[in-house]
Every structure is written in C-alpha cells, then in structure tokens.
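Engineer: Next input, structure requested:
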Amino acid sequence: PGSEATGEAMRLAVEVLDDIGDGWAEADQHVVAVPAEIASGSMLSGESLQSSIDRGRDWFHGKIANCVGCHGPAGAGAVATLDYDDWTKNYSTRLGLTPTDRVAMRPLIRAGALPPRASDPRNLQLGVFRGGDSFETLYRRISQGIAGTPMPGVEITREATPTSLSWEQAADLIHYVRSLRHSITSTATTGHSP
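Structural biologist: Next up is the predicted model:
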C-alpha cells in the first residue's frame with residue numbers, strides 16, 4: 001500500500017506542476033486591468049491622502065474585505081491560522097490526507113513531495129508586499145487574491161454593493177495598506193500603533 005500511495009502522489013505532483021506551468025505560460029494573457037479611476041487615486045497627497053487612509057482603515061476592518069481577519073488589527077500578521085498553502089492542500093487532500101498528519105505525510109516527503117507549509121499572513125507593517133507596493137500591484141492582490149495562499153480576492157465594482165467595494169473604496173484600502181509599512185517606525189518613535 002505504501003508504494004501505491006507514493007505512486008499516486010507522484011502522479012498528482014506531476015499533474016499539479018503541469019497546471020502551475022501552464023498557468024505561468026499563459027499568465028500574460030490574463031493580466032488584470034486596473035481601472036483608470038483607481039490608478040489616478042495613487043496621486044493623492046496631504047489631507048486628501050490622510051482622509052483616504054482613514055476611510056481605508058474602515059474597509060480593512062470591514063466585513064467585505066475583512067483583511068483584519070488574517071493580518072490583524074494593525075496589519076502585523078499576528079493572527080494565528082491553521083491553514084496551509086494551496087499546493088500542499090491540493091496533493092494531500094486528493095490523497096485523503098491532512099497536512100497536519102505527519103505520519104501519513106512522511107512517505108510522500110521521503111518520495112520528494114514538499115513538506116506541508118503553514119500559510120502565515122503577511123506582516124504588512126514590514127512594507128514587503130508580494131509583487132511590490134505599486135498601486136496597481138496592490139489592486140491586483142486585493143481584487144484577485146493570492147494564488148497558492150488562503151487569501152481570497154475582494155470583488156471590486158464601479159459602485160459599492162453589499163458584497164463588493166467600489167473603486168473609490170478599493171483605492172482607500174490600498175492607501176491604508178501602504179500606510180501600514182510606516183507603522184513600525186511610527187510605533188517605535190511615538191509608542192502608538194496606527
């Protein structure tokens with residue numbers, strides 16, 4: 001039974017890797033356009049920018065985006081999660097295993113499968129964002145989610161709905177997220193968190 005399960009795991013691994021490779025090969029055909037109204041929001045400064053950041057804090061903590069659910073109230077990624085990256089879940093659940101079952105996972109790891117990797121939320125205060133910190137990149141991360149992780153996308157529409165953020169709200173959220181990268185410095189110098 002052990003070698004049969006290992007053979008099945010290797011077949012699944014090749015299938016998953018093929019899917020990933022195909023996705024990368026076709027990625028330029030699926031670039032998400034950033035609405036001009038959102039991109040123009042990156043030009044705010046002074047009081048207008050601060051007002052946008054303040055509104056963005058509400059969306060960060062709100063029910064629609066619910067960024068706080070994983071990244072924590074100050075964006076420090078301090079929320080404990082028990083989730084794993086999608087690639088680990090993909091091969092393990094297809095075999096009827098859970099990533100936390102170390103004994104069942106051991107033969108797969110010995111055969112070359114990557115060990116289960118806990119998916120920890122990013123500490124946004126560090127200012128190191130997946131893909132960069134440009135307005136357009138953060139829009140794409142928020143609207144599309146991050147493949148391979150539990151981070152879902154948030155629906156963004158021209159006008160807000162009960163289940164989506166408007167373009168303006170998304171721009172506010174991006175300003176707030178970008179402002180978090182300064183939290184460590186301001187907390188160290190003032191003793192206050194954002």
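
Engineer: drop to CA atoms for contacts and neighbour counts, all remaining ones
Structural biologist: OK.

Engineer: what about dumping the CA coordinates of the helix or strand where Trp59 lies to CSV?
Structural biologist: Take DSSP states H and E as the rule and Trp59 turns out to sit in helix 46-61. Extracted as CSV, the C-alpha positions of helix 46-61 are listed here (Å, rounded to 0.1, in the frame of the first residue of the first chain):
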residue,chain,number,x,y,z
GLY,A,46,-1.7,65.8,2.1
GLU,A,47,-5.2,65.9,3.7
SER,A,48,-6.8,64.1,0.8
LEU,A,49,-4.4,61.2,1.3
GLN,A,50,-4.9,61.1,5.0
SER,A,51,-8.7,61.1,4.6
SER,A,52,-8.4,58.2,2.1
ILE,A,53,-6.2,56.3,4.6
ASP,A,54,-8.7,56.8,7.4
ARG,A,55,-11.6,55.5,5.2
GLY,A,56,-9.3,52.6,4.1
ARG,A,57,-8.9,51.6,7.7
ASP,A,58,-12.7,51.0,7.8
TRP,A,59,-12.6,48.8,4.7
PHE,A,60,-9.6,46.9,6.2
HIS,A,61,-11.6,46.1,9.3
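
Engineer: in it, what's buried?
Structural biologist: 49-50, 52-53, 55-61 (16 or more other Cα atoms under 10 Å).

Engineer: swap in stretch 140-150?
Structural biologist: So for stretch 140-150, counting by 16+ other Cα under 10 Å, buried means 140-145, 149-150.

Engineer: still on that earlier bit, and the helix holding Trp59, how far from the chain's centre?
Structural biologist: 21 Å (Cα atoms, centre = their mean, to the nearest Å).

Engineer: what about that helix, average pLDDT?
Structural biologist: Taken as a whole, helix 46-61 has an average pLDDT of 96.

Engineer: still on that earlier bit, kindly indicate which of the buried residues of helix 46-61 lies nearest Pro115.
Structural biologist: Phe60 (32.2 Å; Cα to Cα).

Engineer: Double-check that Val14 belongs to a strand.
Structural biologist: No - Val14 is assigned helix when assessed by DSSP: H, G, I helix; E, B strand; the rest coil, not a strand.

Engineer: What part of this protein, helix or strand, is modelled with the least confidence?
Structural biologist: helix 183-190 (a mean of 49; mean pLDDT, DSSP states H and E).

Engineer: tell me what the helix holding Trp59 is packed against?
Structural biologist: Packing contacts for helix 46-61, counted by 3 or more Cα pairs under 8 Å, 6 or more residues apart in numbering; DSSP states H and E, involve helix 68-71, helix 167-180.

Engineer: Mind listing residues that contact that helix?
Structural biologist: 65-69, 73, 169-177, 179 (Cα atoms under 8 Å, 6 or more residues apart in numbering).

Engineer: ditto for stretch 150-160
Structural biologist: Contacts of stretch 150-160 (Cα under 8 Å, 6+ apart): 64-65, 83-86, 119, 141-146, 163-167, 169-170.
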